[in-house]
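Colleague: Could you look at this predicted model? Sequence included:
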Amino acid sequence: MITPELFKKIAKFYQDLEPYLVQVKGNVCRECSCSECCTFAARGGNHAVAEMEFDYIEKYYQKKGYPQGDVEQFKDYLSRRRNEKKELIYSICPFFDEKQYGCSIYEARPLSCRLYGSFFVEEFPIPNRCYFKTIGKKIRKNNSLEEIPLAFQFSELKSEHLGSKIVTKIRSTVTPDLSYLENLDFFDMYRQCGRLLSQEKISEAIECYDEICKKYSTWSFITFCAAADFIRAGHYKEAVPYAYRAVELAPDNAFYRFVLAAACQFSGEFEKAVQAYLETVRLNPQNAVAYEALGNLYQHLGNLEKALDHYDKALKISPDQHETLFYSGAVLMQLNRIEEAMERYQKAEALEPNYAPYHYALGVIYERLEKIQEALKEHETAVKLDPTNAPAYLSLGTLYLREGQDEKSLECCRKAVELKPDNALHHFYYGISLLKLNQLEKTEAEMKKSLEINPSLSLAAVILEKIQPR
């Protein structure tokens, strides 16, 4: 939902927009009765509505007892959703009030509805009976950004809304919301920047982004877009200066801080990333992903207690985030809190039962607890789900050795060697399984290979000495 402070800002934005719009008296919709604006999306028109505005409508009518489900119906209308017969579910906006012949959410209607009639892109077909046909302002398709009323302010509000939401799913990148801006003159230049970036022409892309950021030097949203584009393309260091600039222009925007933190994290600037994530959660305590990222960074820096603390904060916001459960389970394992680790791994596995690493991790815990059959079951599931999981094959091989199942052990250890031939332990245990079957020449070869990879593997040297003829 939307924060009370942001709700007031959006309401003020709509209020500030009014002087730019054609002023009408009475119900002009009833007079012309064309329903053009209220059927625009159903007819295939690009009727963009920001997620922020859906939240605003819900909040606005919450105290008035307005049916919350109608917002979802509005989304179905905008997306041209169809029924089983492939017919449009809504051919007219569900907020259209047939009795009053007008908008039932007029005071909270989205920006695109407010602009419709007051502004028409040239060549846009307007019905002759439309009240606004002769009085609406016609604008060029690639009109100057400055001529669109309050476009800058609206994009800033949308990015602030992102920073105030409960964040549970964003992972390594962000996608800027460019609705309302795609027909404006700046967008062609912005799109050219993206093309250069996709072609790996990094220097030229930087020049392009710098030019557009210079042209709109006070617009934090465009510098955020540049940072997000570089992050999405995997050029994290190049994203950092743009993210810093966005934060400088809008220091209270939690989402920009989040993007800065991600850019620093993936470019290896871990301490700066920690500080940026801490600022993110200070500004938006509901960002579960930022807490998880802090947990990952603190774990990387060796501070396990802090890592666990931030994982727990993430899970308080989003208790079913299976990745966070898994990461926190790994920290609990390092802290030797085995039973707690097992509980978290079990929850992660229940939420994502087809993900092999969760089964492998749980198998390792069962090994630690001497629950051999449970461990075997988990590792067997892991290799079934992911036949390339070398650690799980090795664990199976060692467990089968303990159980006296030498043939199974041999097969699993052989598979581990095939998958990861540069791992000394794989060759060592494959050698052990060969030794159990009295295949001495092959055992000798595997022990030599393990020592070649890791000369400090003393047990391999001991076995090699015992089996070599004197």
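Modeller: Ah, there it is.

Colleague: Give the phi and psi angles for residue 234, as a check.
Modeller: Dihedral angles of residue 234 (phi, psi; degrees, to the nearest 10) stand at phi 80, psi 10.

Colleague: got the contact list for the closest residue to residue 27 other than its chain neighbours?
Modeller: Closest residue to residue 27 apart from its sequence neighbours, by C-beta to C-beta, 6 or more residues apart in numbering: residue 102 at 5.6 Å. C-beta here means a position set from N, CA and C on the backbone, and glycine is covered the same way. Residue 102 makes contact with 27, 29-30, 96 under the criterion C-beta atoms under 8 Å, 6 or more residues apart in numbering.

Colleague: Repeat that for residue 75.
Modeller: Counting by C-beta under 8 Å, 6+ apart, residue 75 touches residue 54.

Colleague: helix, strand or coil for residue 251?
Modeller: coil (DSSP: H, G, I helix; E, B strand; the rest coil).

Colleague: count of residues packed around it?
Modeller: 12 (other C-beta atoms under 10 Å).

Colleague: quick one: it and residue 220, what's the gap?
Modeller: 9 Å (C-beta to C-beta, to the nearest Å).

Colleague: again with residue 330
Modeller: Distance from residue 330 to residue 220, by C-beta to C-beta: 37 Å.

Colleague: neighbour-wise, which of these two wins?
Modeller: Higher neighbour count among residue 330 and residue 220: residue 220, with 23 against 17, using other C-beta under 10 Å.

Colleague: Skipping adjacent residues, who's closest to that one in space?
Modeller: Using C-beta to C-beta, 6+ apart, the closest residue to residue 220 is residue 249 (3.6 Å).

Colleague: thought the one you found was touching residue 218?
Modeller: Yes: using C-beta atoms under 8 Å, residue 249 is in contact with residue 218, at 6.7 Å.

Colleague: the more surrounded of those two?
Modeller: residue 249 (18 against 7).

Colleague: Report the contact partners of the more buried one.
Modeller: Here residue 249 is in contact with 218-220, 223 (criterion: C-beta under 8 Å, 6+ apart).

Colleague: Residue 2 too?
Modeller: Taking C-beta under 8 Å, 6+ apart, one finds 10, 52, 55-56, 58-59, 161, 164 in contact with residue 2.

Colleague: State the pair within those that is farthest apart.
Modeller: Distance extremes for the contacts of residue 2: the farthest pair is 58 and 164 at 14.4 Å, using C-beta to C-beta.

Colleague: Compare those two and say which is more crowded by neighbours.
Modeller: residue 164 (21 against 17).

Colleague: Please read off the pLDDT at the more buried one from the model.
Modeller: As predicted, residue 164 sits at a pLDDT of 63.

Colleague: Equivalent analysis for residue 84, please.
Modeller: 87.

Colleague: Could you report the neighbour count for it?
Modeller: 5.

Colleague: I'd guessed residue 414 sits against residue 430; true?
Modeller: Yes: with contact defined as C-beta under 8 Å, residue 414 counts as touching residue 430 (5.8 Å).

Colleague: okay, these two: which has more neighbours?
Modeller: A count of neighbours by other C-beta under 10 Å puts residue 430 above the other of residue 414 and residue 430, at 28 against 18.

Colleague: Tell me the secondary structure at the more buried one.
Modeller: Under three-state DSSP, residue 430 comes out as helix.

Colleague: quick one: contacts for the residue lying closest to it once chain neighbours are set aside?
Modeller: Spatial nearest neighbour of residue 430, chain neighbours left out: residue 413 (4.0 Å); criterion: C-beta to C-beta, 6+ apart. Contact partners of residue 413, counting by C-beta under 8 Å, 6+ apart, are 393-394, 397, 426, 429-430, 432-433.
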